[in-house]
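Chemist: Sequence below, structure please.
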Amino acid sequence: FFRGNVDKYTWVDIGSSYLPGELISAFLYAQMCEAESITRRRQSIWTRYHEAFLDLEENGLVVRPVLPPECTLNAHIYYLLFHDRNMRDAFIDFLAKKNIHAVFHYVPLHSSPMGDKVGRIGGDLTNTERTSDRIVRLPLWVDMDEKIVADVITAVRELVYTVNNRHVS
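Modeler: Sure thing, here's the model as predicted:
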């Protein structure tokens, strides 16, 4: 309609109008003006996490994100993969008791209510389901202060080493 391709609105498929209003547009414009500094700050937090958890991965306790050399990091999220769902859930509960909000990420699309209703699976999705059961997203936002980042790192290390009966370093 806005492009002049049709003369009226007609509902032809699942969807909606995704044009933002003026208030949202103004907010997004301000964010776009600061995009480089926002990304640099998020990258800084991501890198602190990544460096802090290297030994956990080297000891086989977690798996950290992999950034292929040809890719650019936008630091949208930072996650850790645990051995199983029980460890993931215990980890989230432990952090919650320390007032640190971590989440398990997303339900795989094929097992979501809409995916179950309209999706089609072309094979076994064991890896997707296993990853979903093991992944935890750590807090990461542009205005995280250094104390919060340090508290998250300390809590992660404390739990992982405690559960695995190792000394916290």
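Chemist: And the helices in this protein?
Modeler: Here the chain has its helices, by DSSP state H, at 22-33, 35-52, 54-58, 85-97, 113-118, 126-134, 146-163.
Chemist: contacting residues around stretch 22-29?
Modeler: Stretch 22-29 is contacted by residues Pro20 when judged by CB atoms under 8 Å, 6 or more residues apart in numbering. C-beta: built from backbone N, CA, C; applies to glycine.
Chemist: pLDDT of it, averaged?
Modeler: For stretch 22-29, mean pLDDT is 94.
Chemist: Distance of the closest residue to Asn164 other than its chain neighbours relative to Ser132?
Modeler: Excluding its sequence neighbours, the residue lying closest to Asn164 (CB to CB, 6 or more residues apart in numbering) is Leu61, at 5.6 Å. In this view, Leu61 and Ser132 are 20 Å apart by CB to CB, to the nearest Å.
Chemist: and if you look at Phe91?
Modeler: Phe91 sits 15 Å away from Ser132 when distances are taken as CB to CB.
Chemist: The residue nearest to Asn164 contacts Val160, correct?
Modeler: Yes: using CB atoms under 8 Å, Leu61 is in contact with Val160, at 5.1 Å.
Chemist: Quick one: low-confidence residue ranges for this structure.
Modeler: For the chain, the stretches with pLDDT under 70 are 1-2, 6-17, 165-169.
Chemist: Quickly note the distance from the residue nearest the centre of it to Ile45.
Modeler: For the chain, the residue lying nearest the average C-alpha position, counting by CA atoms, centre = their mean, turns out to be Ile77 (3.9 Å). Here Ile77 is placed at a distance of 11 Å from Ile45 (CB to CB).
Chemist: Now do the shared contacts for these two.
Modeler: Residues touching both Ile77 and Ile45 (CB under 8 Å, 6+ apart): Leu140.
Chemist: so Ala90 touches Val163, yeah?
Modeler: Yes: when contacts are counted by CB under 8 Å, Ala90 is listed as touching Val163 (7.0 Å).
Chemist: which residues do the two both contact?
Modeler: Common contacts of Ala90 and Val163 (CB under 8 Å, 6+ apart): none found.
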